[in-house]
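Peer 1: have a look at this fold, sequence not included:
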């Protein structure tokens with residue numbers, strides 16, 4: 001059996017989009033939505049199920065130097081206008097031995113224990129979202145034929161950041177475990193990020209956003225030459241009616257996966 005091909009994807013996914021007034025909190029628009037699970041979700045779930053939730057090759061805002069000229073893809077903290085992130089919060093320690101997939105751009109996956117204490121690690125579980133302006137057709141309706149093997153959003157500007165999911169475990173935390181009426185035990189997870197209003201120069205302000213992707217930090221090279229996911233593997237994707245982001249509104253994205 002090919003394990004990755006037989007890996008069961010989430011039975012359902014949904015991206016809810018909520019627009020509210022920044023000053024009053026009044027609800028302006030809510031789209032309960034849907035989503036599309038990408039083929040690459042099989043890959044990330046296979047590694048987490050194998051007990052290897054972290055990878056040595058990925059990106060969390062660091063400068064990327066293995067694809068030619070150095071470049072970086074900005075990462076910004078959830079709900080902030082100017083807190084940029086430039087390094088992974090996860091580092092290797094002896095206690096994590098056996099939980100790591102060693103990987104690099106040249107050799108791919110390796111079984112050699114080349115991880116050093118303090119080396120950065122990149123999860124195979126969702127860590128961030130990114131948004132684009134390429135989700136509408138000529139009639140301004142959401143595109144519905146994006147393939148599940150797509151490795152990137154349709155149209156992003158270079159300065160469009162990944163918005164990093166807040167992993168703080170508080171009552172207002174942005175990773176929520178829940179159950180459905182089917183099982184009665186937790187088998188549903190919701191990831192939430194907010195593009196805030198009230199700040200001049202927020203990188204998404206002034207753009208009509210119409211697509212979103214849910215990403216992990218672990219990188220994936222797709223042969224023969226697709227390096228789109230060098231800054232993170234796309235697990236899920238959705239298009240939606242255009243929302244003009246501006247300083248007067250907060251836009252919250254609640255992404256739910258039901259297993």
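Peer 2: Nice, thanks for sending it over. Quick caveat: nothing in here was measured; it's all calculated off a predicted structure.
Peer 1: which residues of the stretch 1-150 of the chain score low on pLDDT?
Peer 2: Counting by pLDDT under 70, the stretch 1-150 of the chain has low-confidence residues at 1-9, 11, 113-114.
Peer 1: okay, strands next: where are they in it?
Peer 2: 12-21, 27-31, 36-37, 54-55, 75-77, 84-85, 100-104, 108-110, 122-123, 126-132 (DSSP state E, counting those that start in this stretch).
Peer 1: tell me the angle the second one makes with strand 12-21.
Peer 2: It refers to strand 27-31. Relative orientation of strand 27-31 and strand 12-21, computed by axes from the mean of the first three to the mean of the last three C-alpha atoms, to 10 degrees: 160 degrees.
Peer 1: where do the strands sit along the stretch 151-259 of the chain?
Peer 2: Using DSSP E, counting those that start in this stretch, strands in the stretch 151-259 of the chain cover 162-164, 175-178, 188-195, 208-216, 233-244, 249-258.
Peer 1: with mean pLDDT added, can I get those in CSV?
Peer 2: Listed next are those as CSV, based on pLDDT from 0 to 100:
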stretch, mean pLDDT
strand 162-164, 97
strand 175-178, 82
strand 188-195, 93
strand 208-216, 98
strand 233-244, 98
strand 249-258, 94
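Peer 1: identify whichever of the ones you listed lies nearest to residue 148.
Peer 2: strand 233-244 (8.2 Å; C-beta to C-beta). Every residue, glycine included, has its C-beta placed from N, CA and C.
Peer 1: elements contacting the closest one?
Peer 2: strand 12-21, strand 27-31, strand 36-37, helix 40-49, strand 208-216, strand 249-258 (3 or more C-beta pairs under 8 Å, 6 or more residues apart in numbering; DSSP states H and E).
Peer 1: if we can go back for a sec, which one of the strands of the stretch 151-259 of the chain lies closest to residue 122?
Peer 2: strand 208-216 (7.6 Å).
Peer 1: buried residues in the closest one?
Peer 2: 209, 210, 211, 212, 213, 214, 215, 216 (16 or more other C-beta atoms under 10 Å).
Peer 1: now do stretch 24-39
Peer 2: Quick answer for stretch 24-39 (16+ other C-beta under 10 Å): 33, 35, 36, 37, 38, 39.
Peer 1: so how far is residue 217 from the fourth one?
Peer 2: From residue 37 over to residue 217 the distance is 19 Å, taken as C-beta to C-beta, to the nearest Å.
Peer 1: end-to-end on stretch 150-165?
Peer 2: Its first and final residues considered, stretch 150-165 spans 22 Å by C-alpha to C-alpha, to the nearest Å.
Peer 1: just to revisit the earlier point, from the buried residues of strand 208-216, which two are the most distant?
Peer 2: Of all pairs in the buried residues of strand 208-216, the most separated under C-beta to C-beta is 210 and 216 at 22.8 Å.
Peer 1: distance of residue 193 from residue 106?
Peer 2: 33 Å.
Peer 1: what sits up against stretch 98-105?
Peer 2: 47, 51-57, 66-67, 92, 109-115, 121, 124, 218-219, 221, 230 (C-beta atoms under 8 Å, 6 or more residues apart in numbering).
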